[in-house]
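Novice: below are the sequence and a predicted model; questions follow.
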Amino acid sequence: MRLSAAMWQPSAMTRSDRRSKAVEVVGSAAGAGVGAILGGPVGGIIGAAITPGTIELVGRAWDEIVGAQRANGAAVVQIAAEQASSDPETLVAELIRDPAAASLFKSAVQAGANAVEEDKIRALATCLANGFADGTRVNSELIIIKALAELDPVHVRVLAMLEKVRTAGASAYRVHEFLVGPEATPRQFLTSDDLSGPVLAVLERQALVAKMDEEDRVAARARTGQRDPVLRKRDESIYRITAFGRLCLERLGHIQIKRLLSDSPD
């Protein structure tokens, strides 16, 4: 979340006045307190460096962050209620009545509070609305929420890229190349500068992508006629987006999956 300049202006509200007075009282003790917590010479140095002005500044910024988190969590509930043709009060009351549904509600609101993208907030709201409308979908929607909660914009970008090449898949090097851009090289990929590993690890852990087996790799290589310029000592696994990965990508509004009339959304 980017804080605008207006967020940093001193407020004339009573709450801000009270904070300022409190800072004046406890500011001189803050350094000693931090030093005691950290311990040793380092703790003392850090504690001595903290000024009342810094405490006030961080306090205002923190209030904005917490306020934004509450607003995002509320947005999940509001949008879910609209999607379910209900009102927020009824939706919350019904969900918290059942332990499983309450877990769905808690997870959706928490994930929404930490989200920074509107697409993610709407996707979480859809999960909540589905669980509210059909109790049999609570567990499946909770699984989707847990996966969405792990995704940052970079993970979604890679997932969308793998969707575009889902027939052939893409190697870890291709993912690295996608993330780094034209300056990516195999030598860089074989060092600690590889960016594909951390991203693919998250996607694979959530079952959003999977490694293609040897048979699928041979078939994909025959279709594309390409091999990645990577040394054999490095893992040459080919990754593909899974059906669950496509479902989550659809929830985020990136694709629309064609289904038969008898197919379940899940």
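Specialist: Alright, I've got the coordinates. Residues are numbered from 1 along each chain as shown.

Novice: from now on I want contacts and neighbour counts done on CA atoms only, so please keep to that.
Specialist: Fine.

Novice: for the biggest helix by length in the chain, packing partners?
Specialist: Across the chain, the longest stretch assigned as helix under DSSP state H is helix 52-83. Packed against helix 52-83 by the contact rule (3 or more CA pairs under 8 Å, 6 or more residues apart in numbering; DSSP states H and E) you find helix 14-38, helix 88-95, helix 99-113, helix 118-133.

Novice: least reliable of those going by mean pLDDT?
Specialist: Mean pLDDT is lowest for helix 14-38 among those, at a mean of 45.

Novice: run a quick neighbour tally on residue 91.
Specialist: Neighbourhood size, residue 91 [other CA atoms under 10 Å]: 22.

Novice: tell me how far it lies from residue 168.
Specialist: Look at residue 91 and residue 168: by CA to CA, to the nearest Å, they are 43 Å apart.

Novice: next one: residue 62
Specialist: 46 Å.

Novice: can you check residue 105 too?
Specialist: Residue 105 is 38 Å from residue 168, by CA to CA.

Novice: who's more crowded, these two?
Specialist: The neighbour count for residue 105 versus residue 168, taken as other CA under 10 Å, is higher for residue 105 (28 against 22).

Novice: just checking, that one touches residue 128?
Specialist: Yes: the criterion here is CA atoms under 8 Å, and residue 105 meets it with residue 128 at 6.6 Å.

Novice: who's in contact with residue 110?
Specialist: Contact analysis of residue 110 by CA atoms under 8 Å, 6 or more residues apart in numbering lists residue 73.

Novice: domain ranges for the chain?
Specialist: The chain breaks down into these domains under automatic domain parsing: 1-149, 153-251.

Novice: can you check the pLDDT for residue 157?
Specialist: Taking residue 157 on its own, its pLDDT is 95.

Novice: which element is it on?
Specialist: Following DSSP states H and E, one finds residue 157 within helix 153-164.

Novice: relative to helix 118-133, how tilted is that helix?
Specialist: If you take axes from the mean of the first three to the mean of the last three CA atoms, to 10 degrees, helix 153-164 sits at 80 degrees to helix 118-133.

Novice: buried set for helix 153-164?
Specialist: Using 16 or more other CA atoms under 10 Å as the test for burial, helix 153-164 gives 155-163.

Novice: other SSEs contacting that helix?
Specialist: helix 196-205, strand 238-241, helix 243-251.

Novice: for the residue lying closest to residue 163 once chain neighbours are set aside, what are its contacts?
Specialist: Counting by CA to CA, 6 or more residues apart in numbering, residue 163 lies nearest to residue 241, which is 6.1 Å off, once chain neighbours are set aside. Contacts for residue 241 (CA under 8 Å, 6+ apart) come out as 159, 162-163, 166, 169, 208-210.

Novice: mind checking how far residue 241 is from residue 144?
Specialist: From residue 241 to residue 144 the distance is 15 Å (CA to CA).

Novice: do residue 81 as well
Specialist: Residue 81 sits 18 Å away from residue 144, taking CA to CA as the criterion.
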